[in-house]
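K.L.:
Quick one: sequence and predicted model below, then my questions.
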Amino acid sequence: MRTFTIKLGKRKLRFSDRMIKEDDEKRWWIVPLILGVYLLPFVLDEYSIYLMHLIAVAIIGAVALDILCGFCGQLSLGHAAFIGIGAYSYGILHMTLHVGCILSLVLAGLMGAFLSLLVGIPSLRLKGLYLAIMTMGFVFIVDESIRYFKEWTNGVEGFRVSRVIDLGFAELNSGEVEFYYFIYTLVILVVVASRFLLNSKLGRAFTSIRDSDTAAEVSGINLLFYKVLAFAISSFIASIAGGLMAIIIGTISPEDFNIWLSINYLIMLVIGGMGAVYGAVIGASFIVFLPELISGLRDSFFPPGTELAVLQYLIYGLIILVFIVFEPHGIYGRWLVIKSYFKKFPFNEKRIGRMAWILRWR
């Protein structure tokens, strides 16, 4: 895998073909950003808050997939399966077995992590496209299982989940502002934990496997253990995202967790920047908000009667094509390049050459 490195004093930015590696980056802007996120409900209407809830679930799911694909380099098309497992596990535990909300979320995550062994263990022998096809098959297995065990899941009729989450000291309705603070607190915890994971010994083992299985194994890294662990961590977080998704939408069905959802999460990583936690956040926010933007464009620039679905597929395709061809590192990768340019300005390599040529004539 090719690697490109940009050095800025003690700071180092490393880019592989599709991944971003970032070290020693100061995050002074995180505090005002978090404050801005917590202040947003004061200026948003009810529908915008609901959209922010969907963005929060997408961020958690995208970060989960980035741990597997971006950190560890294991291409997966089975992400929707684990989100579905989390959603139905939460619904069955809380609605049928009457387990507490928070405990149901945790147990749903553990169920996803346990079932990830079915995918993680065979991943030692499979790579690239073959691994993607195998994980894609897992989506169909989960879909058929939901339909088959209809006594528990209600099959295609849909499973109703309470939109109220009981914290013990308070009850939060997913349609109210209080739930916004709860879910975005979880988002912040997941993002911060993922950043610590990336910079930890475990994260370095994941990135070593991503760069080269052979080199990692020669270095003493247990491939089976770390690959299975990457699947387990990713599936745990994805299943929690599925449980939150069930709370927000209220009614879940097998159609909500099809292969298109897995592809959608991969698109989030491609657009935001694979291998960077903040890239997953940007990509998830962009993709969830994109249909609203397309709807506004249709009403403003297209004739009445234009089908929204056709327009969405067209714009989706164009955006994916542009990013794959022209911005392989995504929005966050481009931001790092721009930032590195201005960090060195006016002493960039081309600028230094021009300055030397001008000074020579003085």
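P.N.:
All right, it came through fine. Numbering: from 1, shown residues only.
K.L.:
alpha carbons only for contacts and neighbour counts from here, please
P.N.:
Will do.
K.L.:
All the helices of the stretch 251-362 of the chain, in order from the start?
P.N.:
259-272, 277-301, 308-326, 330-344, 349-360 (DSSP state H, counting those that start in this stretch).
K.L.:
who's in contact with the closest residue to residue 246 other than its chain neighbours?
P.N.:
Using C-alpha to C-alpha, 6 or more residues apart in numbering and skipping the chain neighbours, the partner closest in space to residue 246 is residue 87 (5.3 Å). Contact analysis of residue 87 by C-alpha atoms under 8 Å, 6 or more residues apart in numbering lists 108, 239, 240, 241, 242, 243, 244, 245, 246, 252.
K.L.:
Contacts only, for the second one.
P.N.:
Read it as residue 239. Residues in contact with residue 239, defined by C-alpha under 8 Å, 6+ apart, are 82, 83, 84, 85, 86, 87, 108, 109, 111, 112.
K.L.:
give me the number of residues near residue 164?
P.N.:
Neighbour count for residue 164, taken as other C-alpha atoms under 10 Å: 17.
K.L.:
what's the spacing between it and residue 86?
P.N.:
According to C-alpha to C-alpha, to the nearest Å, residue 164 and residue 86 sit 17 Å apart.
K.L.:
Could you do residue 308 as well?
P.N.:
Applying C-alpha to C-alpha, the value for residue 308 to residue 86 is 30 Å.
K.L.:
Which of these two has more residues huddled nearby?
P.N.:
residue 86 (34 against 14).
K.L.:
Checking the closest residue to that one other than its chain neighbours next. Helix, strand or coil?
P.N.:
Closest residue to residue 86 apart from its sequence neighbours, by C-alpha to C-alpha, 6+ apart: residue 239 at 3.7 Å. Recorded secondary structure, residue 239: helix (DSSP: H, G, I helix; E, B strand; the rest coil).
K.L.:
picking up where we left off before, so which of the contacts of residue 239 is the most crowded?
P.N.:
Tallying neighbours with other C-alpha under 10 Å puts residue 86 at the head of these, with 34 neighbours.
K.L.:
Tell me the confidence at that residue?
P.N.:
Note on residue 86: pLDDT of 94.
K.L.:
The helix or strand that contains it vs helix 259-272, what angle?
P.N.:
Applying DSSP states H and E as the criterion places residue 86 in helix 79-91. Counting by axes from the mean of the first three to the mean of the last three C-alpha atoms, to 10 degrees, helix 79-91 points 120 degrees away from the direction of helix 259-272.
K.L.:
got the CA coordinates for whichever helix or strand comes after helix 79-91 in PDB?
P.N.:
Moving toward the C-terminus from helix 79-91, the next helix or strand (DSSP H and E) is helix 101-115. Coordinates of the C-alpha atoms in helix 101-115 are reproduced here as PDB (Å, rounded to 0.1, in the frame of the first residue of the first chain):
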ATOM      1  CA  CYS A 101     -33.400   0.700  28.600                       C
ATOM      2  CA  ILE A 102     -29.700   1.300  29.300                       C
ATOM      3  CA  LEU A 103     -29.100  -2.400  30.100                       C
ATOM      4  CA  SER A 104     -30.900  -3.300  26.900                       C
ATOM      5  CA  LEU A 105     -28.700  -1.000  24.900                       C
ATOM      6  CA  VAL A 106     -25.600  -2.600  26.400                       C
ATOM      7  CA  LEU A 107     -26.800  -6.100  26.000                       C
ATOM      8  CA  ALA A 108     -27.800  -5.300  22.400                       C
ATOM      9  CA  GLY A 109     -24.200  -4.200  21.800                       C
ATOM     10  CA  LEU A 110     -22.800  -7.300  23.400                       C
ATOM     11  CA  MET A 111     -25.100  -9.500  21.200                       C
ATOM     12  CA  GLY A 112     -23.700  -7.800  18.100                       C
ATOM     13  CA  ALA A 113     -20.200  -8.300  19.400                       C
ATOM     14  CA  PHE A 114     -20.900 -12.000  20.000                       C
ATOM     15  CA  LEU A 115     -22.400 -12.600  16.600                       C
END
